[in-house]
Structures are given as C-alpha cells and as structure tokens.
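Participant: 3D, please:
(2 chains)
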Amino acid sequence: MKLLKLVPDDTQIGFVRWRFVGVGVTALLVILSVVGVMTKGLSYGVDFAGGLEMQVEFQNEFEIDEVRGLIDGLDRGASNISEFGEGNAISIRLPVPESEDDEAVQRTVSAVLAALETRYPNAELLAQDVVSGKVSDELIRDGILAAVIAMIGVAAYIWLRFEWQFGVGALIALVHDVLIALGLFAWTGLEFDLNIVAALLTIIGYSLNDTIVNYDRIRENLRKYRKMKMIDLLDLSINEMLARTVMTSLTMAIALGALLAFGGPVLFGFTLAMLLGVVVGTYSSIYVAGPVLLWLGVGPNSFLPPETGNAERVEARS
Amino acid sequence: MLDLSRTQIIGIWAVLLLGVLFALPNALPQRTLQSFPGFLPTAQVNLGLDLQGGSRILLEANRESLFESRLEGLENNLRSELRRADGGAVSIGDVSLRGGTLSYMVRDAERVDQAVDISRQLTTAVGVTGARDYDVTVRDGNRILFTPTDAGNEQAVDAAMVQAVEVIRRRIDELGTREPNIIRQGADRIIVEVPGLEDPQALKDLLGQTAQLEFKMVDVDADPEDVSRGRAPIGSEILADMETGAPIVVERRTLISGDQLVDAQQTFQDGQAVVQFRFDSIASRRFARATQENVGRPFAIILDDAVISAPRINEPILGGSGVISGNFTVESANELAILLRSGKLPVELQVIEERTVQASLGQDSIEAGTIASIIAVLAVMVFMFITYGRFGWYANVALAFNLILIIGIMSLLGATLTLPGIAGFVLTVGAAVDANVLINERIREELRKGRRVIDAVDSGYRLARGTIFDANITNIIAAIIMFWLGSGPIKGFAVVLSIGILTSVFTAVTFTRMLVALWFRRSRPKAITI
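Facilitator: Numbering: from 1, shown residues only, chains lettered A, B, ... in the order given. The predicted model follows:
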C-alpha cells in the first residue's frame, strides 16, 4: 500500500535563515492586532458587558431593521441586536432594568416577546441571560487573571524542563498568539465572551505543545552536533519535525473544521478562535519561539553542566 | 519494547474493559439500566444546563441588611438584659444604630462599669482565637459602643449562608423539580441550578422572598393624621397593606414569629384559597393568652414587612392553629405555604446573574455537537489510516478506546458534559492522535537512518515519550487554570480536556505499543510500511 506523505523526506527549508521575513510578518500582524484592540476594541458578549440578552428564533423570514424598530419602540434603553446561527435567530441585548423589583427583568422579556409577536407570531425564545455589572466585572478580571497565570505557569514549566531562554521564547510566542487572536476578534467584531477566554487558554496550551516539540528536538540536536552553527541547527531541527508539525496541525484543523461546520451557532466563535490558534501557534513555534533562542544566545554549551552539575538529567533525556 | 509481560497485557485490557463497562450505561435506555444487577455501574454522564435546558441563578447575600438586623437583635437583647439587671437600675438613653455600630448613653455615671459588664456578656466568642463578635468600648465617659469585628461579621455571614442553602433546598424541593443543584460559592454567594425549568421567574419568586412571617397587634389608638404624615406613635410602626398599599399601624413588639410555625398548608375556606397554619406549643400558649386579652381588636399577619391581612379577634384562639385568608389564588396560597414551611431566609438574597436555556435549544446543541463529533472522528481516522497504514489503524483503535474511556471516567466521576465540553471532546480527538503522529514520524526517521525495523520502532516509542509527556503537561496546566477560574460551561470544557489528555497518553502510547508488540510477536515482519 502506498501511504500518504505530506512532507518529503529531508526538507531543508531555511526557516530561521530567512527569519527576517517571518519577523516582518509577525511584527506586522502583532501591530495590526494591537491597533485593532486599541481603536475598535473587543465587542464584549453579555458575560463581560453585563446586561440582559435574549436569543430569539424565527420560523419565517424577518427584517432585522424592523425587529430593531419594534424593540426600540419599547423604550427599554439602548439595544444591540445581531443575527446569529443560520440566519433565523437573533440576539437582543438590553441594559438590565434598573428597579428594585425582582420581576422587572421578566416584564422586559415579556414586553420584548409581545412586541415581536405582533409582527412574527412564531418568534420563540431560546435562551435568556442576565448578568449584573458586578458579575461582569469579576468575569473580566478572572478571565485576564486566568490567561496571565496560564502563560506564566507554562513558561515556568518550560524554564524548569529546559533552560531560561526556552521559557522566555515560549512566553514571547504565547503573547504573540494571544495578541493575534485578540486582534482577530477586534477586527471582525465577533462577540468576545467567556467561551472565547476558554479558547484562548486552549490556544495557550496547544501553541506550547508545538513549541515544546520543536524545543525538544533542538535540545537533542544541540547535544548531538556540537560544532554546527546555531542557525543551521535550528533549521535542521525544525525541518526534522516538519512532517509531524504539518500532520498534527492538519488533524487538529480537520477536527475543528468539522466542529465549525456542524457544531451549531453557539460554538462558532469558540471554534474559530481555536482554529486560528492552531494556525498561529504552529507559525509562532517556528518563527517566534525558534529565533528568540538565537537572540538569547542559546548555543551548544547551554545544556552543559557548569562544572559537574546536572549531568544526570542530561543523560536521562538523551 | 517487545518484551511485554502477560501481566502488563492483562492490565491494559482490564483498564479498557472497565472503561467500556462504565461508559456503557450512556448508550442504554433507562429501562434497561433498571434491570441491571446491582454490581454493574449505571451512572450516566450529567448533561449541563446548556444541553438539557434549565435555569441557573447566582444569588448574593445582602451583607449590609444582615449586619443591620444583627444589630437590631443586639439592641433588643441589650434592652431586656438591662431591664433585668438590678430591677432596671441601669437607665440608658440616646440609643443609636448609625454607621453600623450600636451605641447608647448611660444616664448614671456610677452605672457605666455595670453597663459595660452586661454589654460584654452579650458578645460571643468567634472561633478559637479569643476574638469576640463585637468590641465593647467606652467613649466620652458614659457612651458605650458595640463595634462589630470582621471575624464576627464573617461568622454571621457564614452561618446565614449555611442556613440559606438549606432553606433554598427545601423551597426548591417543594417545587418538585428534578435534581436541583444548590452550591455555596465563595463567602456570600449561592448558585442555584434547576434543570428543565424554563421560567426563571417562578424560581426567583421563590428565592426572592425572605418569608419572615410575624404576628403583631394592630395599634388602633394611633392618630390618623399623624399616620398620614408618616409618623407612628412610639413603640409602633407603619406598614403597608400588601394588596392596597394603605398604611396600617402595628406595634413593634412581635407577638409570634414564623420560626414558631410547625406546619402550613394551602386549603379552602368558603370556596376561597387560604393558608392553614399551626404553631408550636410555646407559641400556641402565647397566642391563646394574647387573643384572650384582646378580643375585639385586630391583629396583623405580616410577611416581609407587608401586611397580608389584619383580622379582628372574634374569640380567643386556643388550639394553636388558624388560617390566613387574603386575596389568594390557589397558586399564591400554595406558594405562601411553601415559603412558611421552609422557614425564613436568614438573609436577603439578590439575583446578580441568571441564565436560562430552553430545552429546544439544548436539544439542537446536542444534535449539532454529536454530528460534529462523529464527522471529526471519522475524518481524522481516515486521515491517519491513509498516512500511516497499519500504524494509523492502531492509532484509530486507540482513539476509539480513548473516547470510550473519557465517557466512562466522566460517568464514574459524575462529571457534567456541557456544550464547550463537546468541543473539548472534539479537540481531544485532534490532540490524541498527536502522540501517535510523534511516534510514527520518529519511526519513519529512524528507518531512514537505516536502522533495523524492530530497533526503529523501539526507539520511536522510547524517544517520543519524553516529548509527549512535556507537551501534555502544559495542556494540563492550562486546563487546571480553566477549571479553577472558569464558571459552569468552561469548567465542563476543562474537565473533558484534562480527562482526555490523561486517557490519551494511556491509549495513544501504552495501548498502541502493545498492539504493535503483539503484531511483531505474531508475524515478525522484516519490513514495515509507515
């Protein structure tokens, strides 16, 4: 049987040799992302913005402008109405009614439904969420905290398992990945909610997966080829792992692609963020995590014990 | 690597068999499960609210109101203690509850020390550190201050929350919904999850009321003109009628409070829905005496500071039971009966987050998630097979067992599957084969170097292992942080991800190695296609 081989044997692509191209692209993407986040901002979902969100499904055709008119006619504060799913459902966002009365929310929900039913008798409520400002502030804080702790945590682990330069390299690659993911959400205006934070954390985990696989091979080769120039050694290592990198990224992309196409509207943003994370994470483990080692002066002696030191550990891993 | 002992092989199969056993109930209808003998597992994976529909409400205690009512209680105790001491010789004035502290003035300077002693005895110890719940200090020579301590406040909140969870549980159980989930979160919050409940208002109605029931005498001597200006006579207060909002003046002194009820039921009287109640023995005697003394006067039945009704006492009520009639429907009378039975909430709770998913959306999500998972698994399997042939096939068998193991472990742990959890499932599929990709690529590499087949396979497994371990640890770190900081659905995602990472290392490395080893033993191949 003839088996599929996506990457030919013994590729010699000058990834690190041509790193300036990669660095240029990277810098451009990161700057674009930062600019996007700064100027356009993230469109927070109800988790982070707080408020009342209703998801309503229509059986027939509907005009979103007409829906907007119906809702605004109720005078319940600034509304934000967007379509989601396969074009037959909308999400309506309104401020939380300011009233001590605990039935105020329910009255608003009923009023909205009644207004919609005057034009669309089959409109059906799918879900309703109410998040107070206090909770949304906490969710934002926890989200940022989780991302920062995760990045520092995994970078610290790499520092322990490799050397400090590798930890720094991994951290820079992670910041790069997260920034670009945020940039995507800023530029596309896709809703940024709690699920997206989970996706970001997953990106952190998997981007690192790739970085570690490459680092492992770099370390192995550093011990094997003591005289090789660092640039060549990095390129050799990345090329050796290229078949695996492509293969794994593809299986991940296949799985996530199925989820994106068939997983329904609720998971769309979540899956998209992760799919992007796979692409960016693969890219960064080659173009960011590798070159950083070069600049931080990793060389054949990085894994030699200063005097006698941890020769045991080196032995055990080779 | 080929020298796998018989014990190891049996062990590996045993783990997989257990996985299948624990996962099996999820594929069977409830009826079949009930006919299972007792030693077989029957637990299924729980579905999160986003998949089965239902309401989730996050409540927060109103700490200020709790502290305020504690201070009021303290004031009552203080007054009665001072009255008892030396026949009321300690005369006080200018009692203030402002600024969260209780303070009062002792009129007679000689009595200050005695008042301080009495005050100190009213405080209680908190924990084992010797701290008290209030600090008692003297200011300006004759003003005594109770300042609540942080430890005292925290203990009060804690005690109130423990009790509140119980009250909520009783109230929701009365609703008759299935398997509500009531969890204390942090110091002053409670999460209430009710699967299948699509109308959150019913739940909020039940939780929003403290249900403090009181019986007080109506003050009939109050001057109507003062009342209309909002001024009540000393010792009385103005409350509003629940239906009409009209002011009613009642005595501050509580005749009987709701804690002294032993039962409350909705029933009918003259075709009207009413709530029938029964007092405990102490309250029965007290109520009997009060009604004997006050025939002809009205008393007020008060719920959460609103007057439900103010009936006239026509004759002494001696039996310790009675009915509350008002403008009730069957539902509202039943709701009140539930509230009274479950006892009052020790603290006011506010809804700060609520999420409701209709069952139809949940059903759609399950269907979409299932289809996506099946397609993802099949596509990855085909891809693995055409890339690695026999070795890809082994990876696929491992993948199938991996998914079964995840379901089995989730059933065993009673973990909850959420929609992001299904995404975690799909993601695990992509990630689990990564271990096999690493191994197989390494074998290809070793073969290219011209090593013997058996050595190449051996070093493929041996050399890839460290990398696989490191790469998975980082994912576990991320998943743990998600579980720690995330809420509902994200926790569900983190659970699936962590379990999936652990099982995938077992199936993708240990199990496939066994399959390869058994094949080598069987057919001793001279060359392999990979």
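
Participant: Please identify the residues of the stretch 151-300 of chain B in proximity to chain A?
Facilitator: Within the stretch 151-300 of chain B, the positions adjacent to chain A are B:200-201, B:204-205, B:208 by CB under 8 Å from any CB of the partner chain. Bear in mind the C-beta positions are built from the backbone N, C-alpha and C, glycine included.

Participant: so who does the closest residue to B:Met381 other than its chain neighbours touch?
Facilitator: Ranked by CB to CB, 6 or more residues apart in numbering or on different chains and with sequence neighbours excluded, the top spatial neighbour of B:Met381 is B:Asn396, at 4.5 Å. With contacts taken as CB atoms under 8 Å, 6 or more residues apart in numbering or on different chains, B:Asn396 has the following neighbours: B:381, B:384-385.

Participant: again, but for B:Val323
Facilitator: B:Val323 makes contacts with B:267, B:269, B:274-277, as judged by CB under 8 Å, 6+ apart.

Participant: Same check on A:Ile13?
Facilitator: Counted by CB under 8 Å, 6+ apart, A:Ile13 has contacts A:235, A:238-239, A:242.

Participant: with those residues in mind, which one is nearest to chain B?
Facilitator: Among the contacts of A:Ile13, A:Leu242 lies closest to chain B (CB to the nearest CB), at 9.4 Å.

Participant: contacting residues for the most centrally placed residue in chain A?
Facilitator: In chain A, the C-alpha closest to the average C-alpha coordinate belongs to A:Leu200, at a distance of 3.7 Å (CA atoms, centre = their mean). Residues in contact with A:Leu200, defined by CB under 8 Å, 6+ apart, are A:147, A:178, A:181, A:273, A:277.

Participant: what packs against the longest helix seen in chain A?
Facilitator: The longest helix of chain A (DSSP state H) is helix A:230-262. Contacting helix A:230-262 under the criterion 3 or more CB pairs under 8 Å, 6 or more residues apart in numbering or on different chains; DSSP states H and E are the following elements: helix A:194-224, helix A:268-287, helix A:289-295, helix B:359-388, helix B:419-448.

Participant: try 6 Å
Facilitator: helix A:194-224, helix A:268-287, helix B:359-388, helix B:419-448 (3 or more CB pairs under 6 Å, 6 or more residues apart in numbering or on different chains; DSSP states H and E).

Participant: Format these as JSON lines; extra columns: distance to B:Leu59.
Facilitator: Output for these, formatted as JSON lines (distance: least, CB to CB, whole Å):
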{"stretch": "helix A:194-224", "distance to B:Leu59": "19"}
{"stretch": "helix A:268-287", "distance to B:Leu59": "28"}
{"stretch": "helix B:359-388", "distance to B:Leu59": "23"}
{"stretch": "helix B:419-448", "distance to B:Leu59": "24"}
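
Participant: Closest one to B:Ala310 out of the contacts of B:Asn396, please.
Facilitator: B:Met381 (75.0 Å; CB to CB).

Participant: Break the chain down into its structural domains.
Facilitator: Using chain A. For chain A, the TED database gives the domain ranges A:15-43+A:136-301, A:51-131.

Participant: My question was about chain B, not that one.
Facilitator: Partitioning chain B according to automatic domain parsing yields domains covering residues B:6-53+B:359-523, B:55-62+B:161-355, B:63-154.

Participant: Now render those domains as CSV, adding mean pLDDT.
Facilitator: Converted to CSV, these look like this (pLDDT from 0 to 100):
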stretch, mean pLDDT
domain B:6-53+B:359-523, 89
domain B:55-62+B:161-355, 84
domain B:63-154, 86
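
Participant: Tell me which of the ones you listed is the most buried.
Facilitator: domain B:6-53+B:359-523 (a mean of 20; mean count of other CB atoms under 10 Å in any protein chain shown).

Participant: Compute the first-to-last residue distance for that one.
Facilitator: Distance between the two ends of domain B:6-53+B:359-523: 18 Å, counting by CA to CA, to the nearest Å.

Participant: Please tell me how far that domain is from the chain's geometric centre.
Facilitator: Domain B:6-53+B:359-523 sits 31 Å away from the centroid of its parent chain (CA atoms, centre = their mean, to the nearest Å).

Participant: Contact partners for the residue of the stretch 51-200 of chain B found nearest chain A?
Facilitator: Nearest to chain A, among the residues of the stretch 51-200 of chain B, is B:Leu58, at 6.7 Å (CB to the nearest CB). The contact partners of B:Leu58, by CB atoms under 6 Å, 6 or more residues apart in numbering or on different chains, come to B:191, B:352-353.

Participant: Check whether B:Glu174 really touches B:Leu340, as I assumed.
Facilitator: No - contact criterion CB atoms under 6 Å: B:Glu174 and B:Leu340 do not qualify, at 10.8 Å.

Participant: Which pair of the contacts of A:Ile13 spans the longest distance?
Facilitator: The most widely separated members of the contacts of A:Ile13, counting by CB to CB, are A:Asp235 and A:Leu242 (10.3 Å).

Participant: which stretch of helix or strand covers the closest residue to A:Ala123 other than its chain neighbours?
Facilitator: Of all residues beyond its chain neighbours, the one nearest A:Ala123 is A:Leu116 (4.3 Å), with distances taken as CB to CB, 6+ apart. A:Leu116 belongs to helix A:104-119 when elements are defined using DSSP states H and E.
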